[in-house]
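[1] Quick one: sequence plus predicted model below, questions after.
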Amino acid sequence: MGKRLKQQRRGKGTPTYKAKSHRFKALTKYKEEKDGEIEAEVKDLINDPSRTSIIMEIQYETGEKGYLPAPEGVQVKDRIKTGYQAKPELHNITSLKKIPEGYPIYNIENTPGDGGKIARSSGAISWVTAKEKGKVQVTLPSKRIKTFHPECRATIGKAAGGGRMKKPILKAGKQHHKKKARGQKFPTVRGVKMAAVDHPFGGKGHHGAVTKKGKTGSPGHHVGSFGASRTGRKKGKKKK
């Protein structure tokens, strides 16, 4: 009998596919607050293995501590302001309705009060593109334009750690440790390169299997396009 497929091994939950979450530093969310603004001081900059960006430990003037993705250029002992009515200045956190068009932002809330969900990776930067009645348009790092509620908060500036992907990995061992920190497997082998007993796509004779799979099959059967209504490139109408 061959070995289990990757999706079967992941579903079982073996330690190979579990992230070392006990090494993760902290959750990063905006402080729940009402109208107004609160001043905070940057206490420390931390490298968290659970994310690509550097996080900053901040202490609010109320004495509470929090953690947020650090903006590029911030330093320890810098002071920032956060709140729905905070001024739209570099490194401050405020609502989108207060941020002028053309300003760079990151760590954007998808819905008001969710603590920040979008554009949080290292070097991430979005732009306030346009404002209309009851909504704000933002150009995301993917160049996609998304509409947000005006009360959603964001940090003004660019997420720290830009240029991370420009450094070459050089060794397979580096990639192994990078993936292991997040519970990902490296290296990965394509199914068509395996033996027939190890994968439905394996063997030298006939590569692949039936393209479309039913939704009711076993996990081992779900390799390829399962539950697909159609596959392949759409054929355009012939011009007369």
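    Perfect, thanks for sending it.

[2] Map the structural domains onto the sequence of this protein.
    Domain assignment for the chain by automatic domain parsing gives 22-164, 166-225.

[3] deepest of these, which one?
    Ranked by mean neighbour count under mean count of other CB atoms under 10 Å, the domains of the chain are led by domain 22-164, which reaches a mean of 17. Where C-beta positions appear, they are placed from N, C-alpha and C, glycine not excepted.

[4] Helices of this structure, start to end?
    Counting by DSSP state H, the chain has helices at residues 6-12, 172-180.

[5] thinking again about what came up before, looking at the domains of the chain, spot the one closest to Arg10.
    domain 166-225 (8.4 Å; CB to CB).

[6] Report how far apart the opening and closing residues of that closest one are.
    Distance across domain 166-225, first residue to last, is 34 Å (CA to CA, to the nearest Å).

[7] Also stretch 143-160?
    One end of stretch 143-160 to the other measures 19 Å (CA to CA).

[8] Could I get the full set of strands for this protein?
    38-46, 55-60, 65-69, 79-82, 93-95, 104-106, 126-132, 135-139, 145-148, 153-156, 212-213, 225-226 (DSSP state E).

[9] Present those as JSON lines; the columns should include distance to Lys6.
    Formatted as JSON lines, these follow (distance: least, CB to CB, whole Å):
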{"stretch": "strand 38-46", "distance to Lys6": "33"}
{"stretch": "strand 55-60", "distance to Lys6": "31"}
{"stretch": "strand 65-69", "distance to Lys6": "31"}
{"stretch": "strand 79-82", "distance to Lys6": "43"}
{"stretch": "strand 93-95", "distance to Lys6": "40"}
{"stretch": "strand 104-106", "distance to Lys6": "33"}
{"stretch": "strand 126-132", "distance to Lys6": "34"}
{"stretch": "strand 135-139", "distance to Lys6": "36"}
{"stretch": "strand 145-148", "distance to Lys6": "33"}
{"stretch": "strand 153-156", "distance to Lys6": "37"}
{"stretch": "strand 212-213", "distance to Lys6": "16"}
{"stretch": "strand 225-226", "distance to Lys6": "15"}
